[in-house]
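[1] this one's structure only:
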């Protein structure tokens, strides 16, 4: 399950980076900044999570690429936040430290969703 989690994180991070570059029109500067903060922050948080996970359970298996698109990135972020919440037990395997780190990632998703939806 952790491999799927990492695959999904890489895909949304890449989608956000492409959308960051493509931001244009009304509210584009706010979206550009919010997406930049998102993709920068996600990699650091994900790296910390995986290193802690591997400290508990050993090296993770192969991470397979997941298709992604810069289109509808706000909806991708929202959907993936829901997926993380629904799969928390499988992703964190009853380790409170991992749950805390996952919640930190979820907070980044929520903050980014807010910024994309409400700021211009």
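    Good, I have the coordinates. Quantities reported herein were computed from a predicted structural model and do not represent experimental measurements.
[2] pull the longest helix from the chain.
    Longest helix of the chain, by residue count under DSSP state H: helix 28-57.
[3] in it, what counts as buried?
    For helix 28-57, burial by neighbour count (16 or more other C-beta atoms under 10 Å) applies to 31-32, 34-35, 37-39, 41-42, 45-46, 49-50, 53. Placement of C-beta: from N, CA and C, glycine included.
[4] tell me which residues of whatever helix or strand residue 8 lives in are tucked away?
    For residue 8, the host element (DSSP states H and E) is helix 2-22. By neighbour count on 16+ other C-beta under 10 Å, the buried set for helix 2-22 is 2, 5-6, 8-20.
[5] same question, stretch 56-72
    Applying 16+ other C-beta under 10 Å to stretch 56-72 flags 63, 68, 70 as buried.
[6] show me the shaky parts of the chain.
    Filtered on pLDDT under 70, the chain yields the residue ranges 27, 120.
[7] which outside residues touch the helix holding residue 8?
    The contact list for helix 2-22, computed with C-beta atoms under 8 Å, 6 or more residues apart in numbering, reads 31-32, 35-36, 38-39, 42-43, 46, 50, 53, 57, 60-71, 73, 76-77, 80, 83-84, 87, 91, 105, 112.
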